[in-house]
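Chemist: What would the 3D arrangement of this be:
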Amino acid sequence: MKRIVIIGATSAIAHAAARLWAERGAALFLVGRNAARLEANAADLRVRGAASVMVHAMDATVDAAHATMLAAALAALGGIDVALIAHGTLPEQRECEADLARLRAEIETNGVSVCLLSQLFANHFAGQGGGTLAVIGSVAGDRGRQSNYAYGAAKGLVARFTEGLRNRVAKSGVQVLLVKPGFVDTPMTAEFEKKGLLWAQPEAVAAGILRAIEAKREVVYLPWFWRWIMLVIRHIPERIFKRLSL
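Modeler: Residues are numbered from 1 along each chain as shown. Okay, the predicted model is just below:
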């Protein structure tokens with residue numbers, strides 16, 4: 001029986017992953033800001049076959065709450081095999097440009113808090129001699145683009161941080177997986193009216209996350225074709241890239 005902690009458990013991708021784990025009989029510890037939504041999700045997961053489901057309300061941007069959450073998870077589960085960090089927001093780029101306080105808040109939510117929680121779980125897994133840390137980043141972190149560089153910068157921070165973290169804890173038997181989704185049809189992207197072939201459903205991304213964990217992957221683009229799209233974007237010369245509206 002897998003014992004799994006999910007941070008940002010009310011997000012669409014996280015809940016889709018939790019449903020898959022519940023069907024496999026996992027014990028789940030759900031963390032999020034909205035206690036009522038956590039309880040609703042927990043009820044759904046119990047019906048789907050989870051061995052147990054416990055919830056813990058926490059604002060991930062409050063650093064002092066992290067250690068308390070980890071202690072509660074360990075007490076509830078008796079140990080942790082997998083931690084999925086999936087919280088985040090999708091800021092409006094122009095608002096971040098005009099409001100520096102908003103810019104700071106978005107970078108702290110999507111970048112700094114993710115790194116701090118990653119370090120917390122990696123330290124725990126290294127101490128116990130193994131475990132899996134899966135962190136949801138984004139293809140937006142691969143290159144700064146005018147349309148979303150506030151969000152992209154935060155996800156770029158996560159990418160570099162998890163890369164170094166993986167390098168540090170590898171000898172301790174800890175898997176550090178960075179998940180890089182492209183466009184995903186979730187409530188967070190509801191304002192996007194046109195959703196074409198590049199868009200994925202959260203259930204497909206969640207299934208990809210579980211496959212990547214089982215395969216001991218280190219970085220996974222979901223869907224797979226985003227690896228090649230971003231390879232092209234990363235290699236566009238800067239003098240040309242500056243002229244593009246991306």
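
Chemist: Now do the helices in the chain.
Modeler: 12-23, 35-47, 65-77, 93-98, 100-107, 113-128, 149-169, 202-214, 226-234, 238-241 (DSSP state H).

Chemist: And the residue nearest the centre of the chain?
Modeler: Computing the C-alpha centroid of the chain and ranking residues by CA atoms, centre = their mean puts Ile136 first, at 2.4 Å.

Chemist: List the contacts of that residue.
Modeler: With contacts defined as CB atoms under 8 Å, 6 or more residues apart in numbering, Ile136 is in contact with Gly8, Ile13, Ala14, Leu84, Ile85, Ala86, Gly88, Val179, Pro181, Ile209. Yep, even glycine has a C-beta here, placed from its N, CA and C like the rest.

Chemist: returning to that earlier point: quick check: which of the helices of the chain has the most neighbours on average?
Modeler: helix 12-23 (a mean of 22; mean count of other CB atoms under 10 Å).

Chemist: chain center to it: distance?
Modeler: Averaging C-alpha positions (CA atoms, centre = their mean, to the nearest Å) puts helix 12-23 13 Å from its chain's average.

Chemist: just for the chain, where's the confidence low?
Modeler: Confidence mapping of the chain against pLDDT under 70 gives the ranges 190, 192-194.

Chemist: Tabulate the helices of the chain (JSON lines), appending distance to Gly196.
Modeler: As requested, the helices of the chain are arranged in JSON lines below (distance: least, CB to CB, whole Å):
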{"stretch": "helix 12-23", "distance to Gly196": "19"}
{"stretch": "helix 35-47", "distance to Gly196": "29"}
{"stretch": "helix 65-77", "distance to Gly196": "38"}
{"stretch": "helix 93-98", "distance to Gly196": "21"}
{"stretch": "helix 100-107", "distance to Gly196": "26"}
{"stretch": "helix 113-128", "distance to Gly196": "29"}
{"stretch": "helix 149-169", "distance to Gly196": "21"}
{"stretch": "helix 202-214", "distance to Gly196": "15"}
{"stretch": "helix 226-234", "distance to Gly196": "13"}
{"stretch": "helix 238-241", "distance to Gly196": "23"}
